[in-house]
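Visitor: Give me a model of this one.
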Amino acid sequence: MKGMPMSAIRLLVIAGLMLPLLSSCRTGAPSSDKQVERLKAQINQNFRDPVPHFQLAQVYQQMGELDKAAYEFDTTLQLDPVNRQAQAAIVKVHRLRGDDDKAADAAKVYMREVAATPEDSLALGRAFEDAGVSDFALATYEQALRMAPNSAAVYKQLGYYYLNMKNSDMALKNFRRSFELDPYQEDVALELGRLGVKVAVQKPAKQAPAVKKK
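Guide: Here you go, the predicted structure:
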């Protein structure tokens with residue numbers, strides 16, 4: 001590099017340092033595009049299969065293509081109207097778009113759909129939690145609790161919810177109530193132990209062996 005100005009040498013050094021970064025960006029970028037192509041091909045083969053629509057929506061959401069994600073989540077729900085994950089995901093997309101009112105309206109519609117049984121409410125609540133809309137998850141769990149105020153399963157789910165929210169006091173309260181209602185739950189006993197409360201899991205009573213007829 002004799003005779004080359006120092007400024008030019010510095011530019012070459014910077015270019016050499018940047019080249020691996022640019023290369024990694026180029027190699028990483030096609031990943032999402034390839035997923036899109038693959039999922040579109042699956043959709044073309046069988047448009048009425050909701051699974052690739054849902055997966056494509058997830059890819060678009062990760063890419064920040066929220067309009068496309070919303071379209072594919074909507075399509076998923078047209079093909080599979082009780083897909084709780086898709087319901088929760090579309091609520092999340094509305095929120096990511098900054099449309100909190102639309103997110104709340106959609107969540108209320110889906111919550112009304114599951115208002116008949118606590119099991120369905122728990123399923124939607126878990127989907128909301130997985131999608132990252134924890135406020136709607138809590139509202140749906142509380143809806144389940146109103147329907148089944150003595151359900152160990154509902155209190156357990158609330159315990160895990162508060163545990164994920166780093167609220168140990170509320171997690172302990174709900175796990176304790178769940179265990180009072182069903183003292184056979186080893187997983188709940190484990191969580192109580194981690195929270196500083198030791199409990200003994202009851203063992204189901206053994207049934208007497210059936211007497212064979214002579």
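Visitor: Could you report the distance from the residue positioned nearest the centre of the chain to Arg95?
Guide: By Cα atoms, centre = their mean, the chain has its centre lying nearest to Asp130, at 1.6 Å. Going from Asp130 to Arg95 by Cβ to Cβ, to the nearest Å gives 14 Å. The C-beta positions use only the backbone N, C-alpha and C, and glycine is treated the same way.
Visitor: what does the helix or strand containing the residue nearest to the centre of the chain contact?
Guide: Secondary structure assignment for Asp130, by DSSP states H and E: helix 118-131. Defining contact as Cβ atoms under 8 Å, 6 or more residues apart in numbering, one finds that helix 118-131 is touched by 84-85, 87-89, 91-92, 107, 110-111, 113-115, 134, 136-138, 140-141, 143-145, 147-148, 151, 153-154, 157, 161, 164.
Visitor: Stretch 93-109 now?
Guide: By Cβ under 8 Å, 6+ apart, stretch 93-109 touches 61, 66, 69-70, 73, 87, 90-92, 128, 133, 136, 139.
Visitor: Which ones among the residues you listed lie within helices?
Guide: Cross-referencing the contacts of stretch 93-109 against helices under DSSP state H gives 61, 66, 69-70, 73, 87, 90-92, 128, 136, 139.
Visitor: For Pro52, state which of the residues you listed is nearest.
Guide: Taking Cβ to Cβ as the measure, Pro52 sits nearest to Phe73 out of these, at 12.6 Å.
Visitor: okay, now the closest one: neighbour count?
Guide: The number of residues packed near Phe73 is 27, by other Cβ atoms under 10 Å.
Visitor: what sits against it?
Guide: 53-54, 57, 86, 89-90, 93.
Visitor: Could you rerun that using 6 Å?
Guide: 57, 86, 89-90 (Cβ atoms under 6 Å, 6 or more residues apart in numbering).
Visitor: how far away is it from Met170?
Guide: Relative to Met170, and taking Cβ to Cβ, Phe73 is found at 31 Å.
Visitor: do Val93 as well
Guide: 29 Å.
Visitor: So for the two, which residue has more residues nearby?
Guide: Val93 (25 against 14).
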